[in-house]
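**Student:** show me how the following folds:
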Amino acid sequence: MGTLYEYFSNKEEILDAMYARFSDDVVVMLKEVTPEVIRKKPDEGILHILQHLRELLSRNNKRYLHCAALLSQHLPQQHVAPLRQVLGTLSMQYLSRNPEYIHLPNLPVMNYIMTHGGIAALVHQLSHDDPMVSFDELSQGLATMARHMIEGSRRDAGLDSP
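**Tutor:** All right, here's what the predicted structure looks like:
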């Protein structure tokens, strides 16, 4: 048995192979759970997928979890930190101007998910020459998702619509 460098010429090739294998295994897992997920309520389906993803990430002494962490660090933190700060400030300013949203349940969690998920989707969309959806479609989808989250949270909490 030889070293990795007998099979790969540099570190980037090793990382690329790791990322490719990780991606392939996640795709296989998603295809396997799809028939069951599509029969569940949306929240139950999401939880089902996340449970299987957690199991995948935990296999082999959490090898894939380490790979996923490397993937999430692909964009240097010095470029991410200012974005987080500006988006946090924007969120606080919006809530100050629109206080009816302050009492939404799990607002910090939902804000985090919507913001970081939206950024990830946007970066992904913008980084591809032939993305699956247009920028306008993505923007409208993110806006619709946020509206549904707000309306649903307000309804679930028994709050009047703004």
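**Student:** now the helices for the chain?
**Tutor:** 11-37, 42-72, 77-97, 107-126, 135-156 (DSSP state H).
**Student:** how about the lowest-mean-pLDDT helix or strand in the chain as PDB, C-alpha atoms only?
**Tutor:** Ranked by mean pLDDT, DSSP states H and E, the weakest helix or strand in the chain is helix 77-97, scoring a mean of 74. The C-alpha coordinates for helix 77-97 follow below in PDB (Å, rounded to 0.1, in the frame of the first residue of the first chain):
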ATOM      1  CA  GLN A  77     -14.000  33.500   6.900                       C
ATOM      2  CA  GLN A  78     -12.500  36.900   6.400                       C
ATOM      3  CA  HIS A  79     -15.000  37.300   3.600                       C
ATOM      4  CA  VAL A  80     -18.000  35.800   5.400                       C
ATOM      5  CA  ALA A  81     -17.700  37.700   8.700                       C
ATOM      6  CA  PRO A  82     -18.500  41.100   7.100                       C
ATOM      7  CA  LEU A  83     -21.500  39.700   5.400                       C
ATOM      8  CA  ARG A  84     -22.800  38.200   8.600                       C
ATOM      9  CA  GLN A  85     -22.300  41.500  10.400                       C
ATOM     10  CA  VAL A  86     -24.100  43.500   7.800                       C
ATOM     11  CA  LEU A  87     -27.000  41.000   7.600                       C
ATOM     12  CA  GLY A  88     -27.300  41.000  11.400                       C
ATOM     13  CA  THR A  89     -27.400  44.800  11.400                       C
ATOM     14  CA  LEU A  90     -30.000  44.800   8.700                       C
ATOM     15  CA  SER A  91     -32.100  42.300  10.600                       C
ATOM     16  CA  MET A  92     -32.000  44.400  13.700                       C
ATOM     17  CA  GLN A  93     -32.900  47.500  11.800                       C
ATOM     18  CA  TYR A  94     -35.800  45.800  10.100                       C
ATOM     19  CA  LEU A  95     -37.200  44.500  13.400                       C
ATOM     20  CA  SER A  96     -36.800  48.000  14.900                       C
ATOM     21  CA  ARG A  97     -38.800  49.400  12.100                       C
END
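**Student:** okay, the angle between it and helix 107-126?
**Tutor:** If you take axes from the mean of the first three to the mean of the last three CA atoms, to 10 degrees, helix 77-97 sits at 130 degrees to helix 107-126.
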